[in-house]
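>>> Just need the structure, nothing else, for what follows:
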Amino acid sequence: MDFDLMQRVWWFFAEASVATIYISALAIVLGLCLGFTAALASLSRLAVVRWPARAYVSVFRGTPALIQLFLLFFGGLQLGLELTPIQAGIIALGINIGAYMTESIRGAIVAVERGQMEAGRCLGLSHAQTMRRIILPQAARLMVRPLGVNSVALIKGSAIVSTISVTELTYTAHRFISSTYKPFEMFILAAIFYLVIITLFMRLIGWIDARVALED
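Now for the predicted structure:
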């Protein structure tokens, strides 16, 4: 293994990891927004609200994220939608992970005892007020771990944006392989930075989960 080469280029991977974190963070935020909206919609009694949410989950969980990215970035040009590679990456990853987060959030809401909704209505609260003040605070405690797992999957899956020339960790590895012909060393460096990012993120999730547990 060429440790001297790895020492010379590691800083480029450190810079690329910032792009990976930036794209992943914004995609997670977008996914959470879509996930909450779709989860609540999928629990609606109105079919016109419920079915589009379920269709969203089925389509984006049932097709590869890479195809979704290509449709948005390359196919969007045919529809007059011009996005930069980073914008396309964030949107595609966010929409994709949002479908998975929808099921995690919906499952947490459904797990809250049904009597809680009935109790809220008996207190004179509307369905929306009961959901906001009683159901969601309890469900939030059940969402932390599943959403953390979804987010880790997104961080690892963010490597697909390298296919549209976003300079993140995987793209940087490929770029140096083409000039150094040292794939093992370059992918080892990329793997190390991914591992550091994900380890730190999981520590954050663990801290949030512990804080939520103390509030019980």
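>>> need the helices for this structure, in chain order.
Taking DSSP state H as the test, the helices found in the chain are 3-42, 47-62, 65-70, 76-78, 85-111, 115-122, 127-130, 136-157, 169-180, 183-215.
>>> Run the angle between the first one and helix 183-215 for me.
Spelled out, it's helix 3-42. Computed by axes from the mean of the first three to the mean of the last three Cα atoms, to 10 degrees, the angle separating helix 3-42 from helix 183-215 equals 40 degrees.
>>> Local confidence estimate at residue 116?
The model reports residue 116 with a pLDDT of 65.
>>> for the helices of the chain, which one sits closest to residue 163?
Residue 163 sits nearest to helix 65-70 of all these, at 6.8 Å, using Cβ to Cβ. Where C-beta positions appear, they are placed from N, C-alpha and C, glycine not excepted.
>>> chain center to that closest one: distance?
Relative to the mean C-alpha coordinate of its chain, helix 65-70 is positioned 15 Å out (Cα atoms, centre = their mean, to the nearest Å).
>>> Go through the helices of the chain and pick out the most buried.
helix 85-111 (a mean of 22; mean count of other Cβ atoms under 10 Å).
>>> tilt between that helix and helix 3-42?
Orientation check (the same axes, to 10 degrees): helix 85-111 against helix 3-42 gives 50 degrees.
>>> about what we covered before: where among the helices of the chain is average confidence lowest?
helix 115-122 (a mean of 67).
>>> Take the helices of the chain and lay them out in a markdown table including distance to residue 163.
Formatted as a markdown table, these follow (distance: least, Cβ to Cβ, whole Å):
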| stretch | distance to residue 163 |
| --- | --- |
| helix 3-42 | 13 |
| helix 47-62 | 18 |
| helix 65-70 | 7 |
| helix 76-78 | 15 |
| helix 85-111 | 9 |
| helix 115-122 | 45 |
| helix 127-130 | 42 |
| helix 136-157 | 12 |
| helix 169-180 | 9 |
| helix 183-215 | 15 |
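>>> Disregarding residues adjacent in the polypeptide, which is nearest to residue 29?
Spatial nearest neighbour of residue 29, chain neighbours left out: residue 94 (7.5 Å); criterion: Cβ to Cβ, 6 or more residues apart in numbering.
>>> Might one say that the one you found is in contact with residue 25?
No. Applying Cβ atoms under 8 Å as the test, residue 94 and residue 25 come out as separate, 10.4 Å apart.
>>> Let me see the contact set for the closest residue to residue 101 other than its chain neighbours.
Excluding the flanking residues, the one nearest residue 101 by Cβ to Cβ, 6+ apart is residue 35, at 3.1 Å. Contact analysis of residue 35 by Cβ atoms under 8 Å, 6 or more residues apart in numbering lists 97, 98, 99, 100, 101, 102, 104, 105, 147.
>>> again, but for residue 191
No contacts exist for residue 191 under Cβ under 8 Å, 6+ apart.
>>> Distance of it relative to residue 156?
Residue 191 sits 11 Å away from residue 156, going by Cβ to Cβ, to the nearest Å.
>>> Check residue 37 too.
Separation of residue 37 from residue 156 (Cβ to Cβ): 25 Å.
>>> same thing with residue 79?
Residue 79 sits 30 Å away from residue 156, taking Cβ to Cβ as the criterion.
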